[in-house]
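Enquirer: Fold the following and give me the result.
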Amino acid sequence: MDRPAKKSKPKGGTSLVGDWRIIEMELWDREYMDMEVPAFIRIADDGSGEFQFGLVSGSLDGRFGERSGKLAVEFTWDGQDEMDPASGRGWAALESASLLRGRIYFHAGDDSAFLARRKPKARGPRR
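Expert: Next comes the predicted model:
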């Protein structure tokens, strides 16, 4: 009996896991990107996650690996674009500890490169 592949965890080096602020996109300007919330992509340690830019949001289902020798995650996504169902695929790879570069593809539609910076971790209350 075939078993489904287990989701892989990121291996070695700096992790892709965390919250990333999308700072640049190939097809959309900052005004659109931040229309509802500051544009972001969030990657969990099991490869799942979420993103939003402009009126597009989605849930990720990803697998960790490498892309051109860099730690990366490849994912499919399912969500919405201006309240209409939307889906696609994408990838993101570490450029440095604080910089992520990737591309989001819409099924049968546009695709856009993006650049994201790691969001600082929230600090707990001071004592």
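Enquirer: At which residues are the helices of the chain located?
Expert: Listed in chain order, the helices of the chain (DSSP state H) span 30-33.
Enquirer: and the residue nearest the centre of the chain, what is it in contact with?
Expert: Computing the C-alpha centroid of the chain and ranking residues by CA atoms, centre = their mean puts residue 41 first, at 4.1 Å. Contact analysis of residue 41 by CB atoms under 8 Å, 6 or more residues apart in numbering lists 20, 22, 49-51, 60, 92, 100, 102, 114, 116. For the C-beta atoms, the positions are set from N, CA and C on the backbone; glycine is no exception.
Enquirer: quick one: pLDDT of it?
Expert: pLDDT, residue 41: 98.
Enquirer: Apart from its chain neighbours, what residue comes closest to it?
Expert: Excluding its sequence neighbours, the residue lying closest to residue 41 (CB to CB, 6 or more residues apart in numbering) is residue 51, at 4.1 Å.
Enquirer: can you check residue 121 too?
Expert: residue 18 is the one closest to residue 121 (CB to CB, 6+ apart), at 7.7 Å.
Enquirer: ok, now which ones touch the one you found?
Expert: Contact analysis of residue 18 by CB under 8 Å, 6+ apart lists 42-43, 118-119, 121.
Enquirer: Bridged to it, which residues?
Expert: Counting by DSSP bridges, residue 18 is bridged to residue 43.
Enquirer: Report pLDDT for the closest residue to residue 111 other than its chain neighbours.
Expert: Using CB to CB, 6+ apart and skipping residues adjacent in sequence, the residue nearest residue 111 is residue 105, 4.1 Å away. pLDDT, residue 105: 98.
Enquirer: Right, I'll call it a day here.
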